[in-house]
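S.K.: I would like the atomic coordinates for the input below:
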Amino acid sequence: MSPLLTAEPPCIKDSSTFCSQVFEVTNNAWLAGSANWLLTKPLKILFILLIAFVVRLLIKRMINRVTRLPRSGGKLPALLRPLRERAPEVLGSAVIERRRQRAQTIGSVLKSMSTFLIYGLAFILVLGELGINLGPIIASAGIIGVAIGFGAQNLVKDFLSGIFMMVEDQYGVGDVVDIGEATGTVEAVGLRITTLRDVKGTVWYVRNGEVLRVGNSSQGFAVALVDVPLGYSADVERASTVLMAAASTATSSELLRENVLEPPEMLGVESVTPEGIQLRLTVKVRPGKQWAVQRALRGQLLAALEEAGFEPPLGRLFPAKAAAALENGRRQSE
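M.R.: Modelled structure (predicted):
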């Protein structure tokens, strides 16, 4: 047998070491000298992995707890309370889905980051226990990371844009938004893709990294804007009075009352065109309700002008009355 295997290792002389304890039990010099590799290091590595697993499990449970919606759906998850929320109250039940998706998406990012950091640190500690030089590995990992990041820069851009959009709550489920390439109601929000459905029913999938600007029609309040055409011969002051009276009656009705936030306001003459004059009237309404209020007001305002005896410009809106007026004029000239 080789003298290297039969020689007593120096560590057995120190009674406080694990090597000395193994030698006392087995009386085997090789086993005592290899005790550090055969028992100590595997136990340390196992302990590191166990601690990493337990820490990740505890952090995952904590994230699940702070991202879970309370049983009372009107409250925010604990994770979202420090963050600003712009969800309009008029969304009703859609607010719950919006909050759930936002909390789950942010929670998913936190879980992925925590898993990467915890297991990455555990991997480095294990390599250190094995006596491997970490310098070249870290340098290689840095080069690979740069190469992957450069090749997948669009994907990284989408994810980063999605994270900031979630944190800032720029838009969410139920909002009506204009993001340049598409306009519609948000159906789902993810870290990479936002899903919209437009008024024609078409579903649009938009990458978050391609969104350069967002026009949100569902935050705070909205303005119902109605332009009413008049002929050049019309009395503008009287027409404004008639329109204000009709608008006040319409907004006080049961159909529109819940959506109106402030009384209607007559802005006056908005434009003068070759066809006639346009008067503009606005009403401050709840977000997302401006289109329904506009449609209801247009019909009632035009009907009020007709009842008050105002002729439409060039007969474009009421061709029957315009034709009758022309026929009367022709008969009088004869």
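S.K.: contacting residues around Trp204?
M.R.: Shown in contact with Trp204 (CB atoms under 8 Å, 6 or more residues apart in numbering): 181-182, 184, 195-198. For every residue, glycine as well, the C-beta is placed using N, CA and C.
S.K.: hey, what's it bridged with?
M.R.: Leu196 (DSSP bridges).
S.K.: Distance check, it against Asn154.
M.R.: To Asn154, Trp204 is 18 Å away according to CB to CB, to the nearest Å.
S.K.: Can you verify Lys284 is assigned to a strand?
M.R.: Yes. Assignment of Lys284 by DSSP: H, G, I helix; E, B strand; the rest coil places it within a strand.
S.K.: and the closest residue in space to it that isn't next to it in sequence, which of the three is it?
M.R.: The shortest distance from Lys284 to any non-neighbouring residue, by CB to CB, 6 or more residues apart in numbering, is to Glu262 (4.1 Å). Assigned with three-state DSSP, Glu262 falls in the coil class.
S.K.: Glu262: neighbour count?
M.R.: 12 (other CB atoms under 10 Å).
S.K.: That one touches Arg286, doesn't it?
M.R.: No. Contact between Glu262 and Arg286 fails when scored by CB atoms under 8 Å: they sit 10.9 Å apart.
S.K.: On the pLDDT front, check Trp204 for me.
M.R.: We have a pLDDT of 91 for Trp204.
S.K.: Ala122 - how many residues pack around it?
M.R.: For Ala122, the neighbour count with other CB under 10 Å is 19.
S.K.: Any figure for the gap between it and Val177?
M.R.: 42 Å.
S.K.: got it, and Val211?
M.R.: Using CB to CB, Val211 is found at 9 Å from Val177.
S.K.: cool, and Val206?
M.R.: Val206 is 10 Å from Val177, by CB to CB.
S.K.: Name the residues contacting each of the two.
M.R.: Leu196.
S.K.: got the residue ranges for the strands in the stretch 101-250 of the chain?
M.R.: Ranges of strands in the stretch 101-250 of the chain, per DSSP state E, counting those that start in this stretch, are 176-178, 183-189, 193-197, 203-207, 215-216, 222-230.
S.K.: Name the residues of the fourth one that come out as buried.
M.R.: To tie it back to what came earlier, the one meant is strand 203-207. 204, 206-207 (16 or more other CB atoms under 10 Å).
S.K.: Strand 193-197 and that one, what's the angle between them?
M.R.: Per axes from the mean of the first three to the mean of the last three CA atoms, to 10 degrees, the angle that strand 203-207 makes with strand 193-197 is 160 degrees.
S.K.: Only alpha carbons, please: show strand 203-207 as CSV.
M.R.: The C-alpha coordinates for strand 203-207 follow below in CSV (Å, rounded to 0.1, in the frame of the first residue of the first chain):
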residue,chain,number,x,y,z
VAL,A,203,-58.9,41.7,-31.1
TRP,A,204,-55.5,43.4,-31.2
TYR,A,205,-52.4,42.1,-29.6
VAL,A,206,-49.9,44.9,-29.0
ARG,A,207,-46.3,44.5,-27.7
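S.K.: returning to that earlier point: neighbour count winner among Val211 and Val177?
M.R.: The neighbour comparison of Val211 against Val177 (other CB under 10 Å) goes to Val177, with 23 against 20.
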